[in-house]
Every structure is written in C-alpha cells, then in structure tokens.
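Asks: below are the sequence and a predicted model; questions follow.
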Amino acid sequence: MIKLEMVNKKEKHGLKYNSNAIIIDITKGIFKKLNPYYRYGDIPVSFTQNLFAMSLASMWQALKVYEKEGVNLSILKESYVNKVCRDNNLGELKGYNRGAYGHVIYDEMEARKQIYVPTYKWILDYKANDLINFIRTQSETKEVIIRDKYIGSDIFNVNQPISNAYLIKAYAEGLYPYEDVFEIRRECSYYMVGRREYQSCKDIRVPKQIHKQNNELSRQLDIEFDIN
C-alpha cells in the first residue's frame, strides 16, 4: 500500500510509523532523484528539439511568460532553487510557452497537462524507474509512505500546487494520469485431470518494462532500508 503524507515542519520530529513502513523522502538520499529540482542535466525541453534543461523545475520556470518578460532560456542550466525561481516583479504570469521558441502560450491547467506531467513521466521512465520498481515491490507487502508538502490528487486543479508525491503514487500504481504505464498481459497455466490436459488463462495488469534493472542501485536500496 502506498500512502501520502503531508510534510509539516512542526511535526517532522516525533512521528510514529509502523515498524515495517518504508518512508520515502524525495528531498534527500537516494530518492531525491524523484525531486523536480534534481539536477540531471539532460531533461528534454518540451516541444523543442535538441534543447535540454538541468531539471524539470528549471524547464518549468524557463517557459513561463510574464507581462514584462517572456521565455528565459538561461534558467534551463540553473541548478539551485533560488536561481531557478523567476523574479516576482516581472508582472502578471500570462502562461507557459509551448516550447522554447513557439508562439503558443498555455494556461496553467494546459501547461500541467502538456508540459509538467509528461516531462515528469519521462523522468520516471528513463531516470528513476528502478526507484519506482522498488516502491512497487515494497508496497506489495509493506506500507510505503511518500512525504511531500502537497498531496492532493487533483493535479490539474490550478488552485493548488502540483503534488509530486501523488504523481509518484500514480505512476507506481498506474493511476490517472499515468494509466498507460501498465499493460494487460495474459497468463495461462496448464493442469491435468485424469489423462486430459486443461488450460486456465487470466488477464493480469502489470507495469511495462522500460529498461533493465540497475543491480547496484537495487543493492543500495536494500542496504538503506534493511531489506532482507
């Protein structure tokens, strides 16, 4: 089972969990690779060929279009939170540009659908899939708790911030908006009744395999969480 828990600075200490619970904190340790500010350096910029961002956060901020300033590509290579965030005195936020050089501006909701959510999926597909597999495997027998500042499941509600914790859960469990990370596979078994052979088949829902597992990372996870 995967549960989401809101981080409250006043409650960081003294929290009690099930002794077998796996606590995921995307701000530090191995799981910081799930953080939108993590500096991969080669995040493809949406709708733009051969242009890459340091992180999802830097791309998201760079594509913002303000009343007094448009797209700012210099932010794509920024790696620190205080440098990624755009200045607040740039006037009203008009939206997000469809790519670095286009002339289509998305509103907040459409930008989340077309830019943020697909790019985060790309990261989970190709940069952090082993971490997702670990979460999936552990959630089958243990309680996995993902902590984040925001945990709302309505990620297209522009009145609340995007919850990366929910997107992780959605990807791991094949929930909206990441239903397509799972596929239906038919499994058949055979058995004998007397001298006759019978076949029993059922359709099961399984995650798609993106790439080969990183055994070294798996060992690090096992050691960090004391997995036998």
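Replies: Looks like it came in fine. No experiment lies behind these values; they were computed from the predicted model shown.

Asks: tell me where this structure has helices.
Replies: In the chain, the helices defined using DSSP state H lie at 56-62, 81-84, 108-111, 117-126, 129-139, 164-173, 215-224.

Asks: which one of those helices lies closest to residue 192?
Replies: Residue 192 lies closest, by CB to CB, to one member of the helices of the chain: helix 129-139, at 33.2 Å. All C-beta spots, glycine's among them, are computed from the backbone N, C-alpha and C.

Asks: elements contacting the closest one?
Replies: Judged by 3 or more CB pairs under 8 Å, 6 or more residues apart in numbering; DSSP states H and E, the packing partners of helix 129-139 are strand 22-25, strand 144-148, helix 164-173, helix 215-224.

Asks: adding distance to residue 32, mean pLDDT and mean neighbour count, write the ones you listed out as TSV.
Replies: As requested, these are exported to TSV (distance: least, CB to CB, whole Å; pLDDT from 0 to 100; neighbours: other CB atoms under 10 Å):
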stretch	distance to residue 32	mean pLDDT	mean neighbour count
strand 22-25	8	91	19
strand 144-148	13	93	22
helix 164-173	11	97	23
helix 215-224	13	67	13
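
Asks: so where's this structure uncertain?
Replies: The chain contains residues with pLDDT under 70 at 9-19, 79-83, 87, 211-219, 222-228.

Asks: closest to the centroid, which residue in it?
Replies: residue 168 (4.4 Å; CA atoms, centre = their mean).

Asks: OK, contacts around that residue?
Replies: Residue 168 is in contact with 24, 26, 34, 124, 132, 135, 146, counting by CB atoms under 8 Å, 6 or more residues apart in numbering.

Asks: closest to residue 52 out of these?
Replies: residue 124 (17.3 Å).

Asks: include distance to residue 204 when you put the helices of the chain into CSV, please.
Replies: Output for those, formatted as CSV (distance: least, CB to CB, whole Å):
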stretch, distance to residue 204
helix 56-62, 32
helix 81-84, 42
helix 108-111, 34
helix 117-126, 21
helix 129-139, 14
helix 164-173, 14
helix 215-224, 23
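
Asks: between those, which one is closest to residue 100.
Replies: Evaluated with CB to CB, the helices of the chain place helix 56-62 nearest to residue 100, the distance being 7.7 Å.

Asks: just give me how far that closest one sits from the chain centre.
Replies: Remark: helix 56-62 is offset 15 Å from the chain centroid, using CA atoms, centre = their mean, to the nearest Å.

Asks: ok, residue 131 to residue 125 distance?
Replies: Shown here: residue 131 relative to residue 125, a distance of 12 Å by CB to CB, to the nearest Å.

Asks: neighbour count: these two, which is higher?
Replies: When residue 131 and residue 125 are compared for neighbours, residue 131 comes out ahead with 22 against 16, by other CB atoms under 10 Å.

Asks: distance check, that one against residue 26.
Replies: Distance, residue 131 to residue 26, by CB to CB: 9 Å.

Asks: rewinding a little: nearest to residue 56, out of the helices and strands packed on helix 129-139?
Replies: Per CB to CB, nearest to residue 56 of the helices and strands packed on helix 129-139: helix 164-173, 9.2 Å.

Asks: next, the angle from that closest one to helix 129-139.
Replies: 80 degrees (axes from the mean of the first three to the mean of the last three CA atoms, to 10 degrees).

Asks: and helix 164-173 with strand 144-148, angle?
Replies: Using the same axes, to 10 degrees: helix 164-173 against strand 144-148 is 150 degrees.
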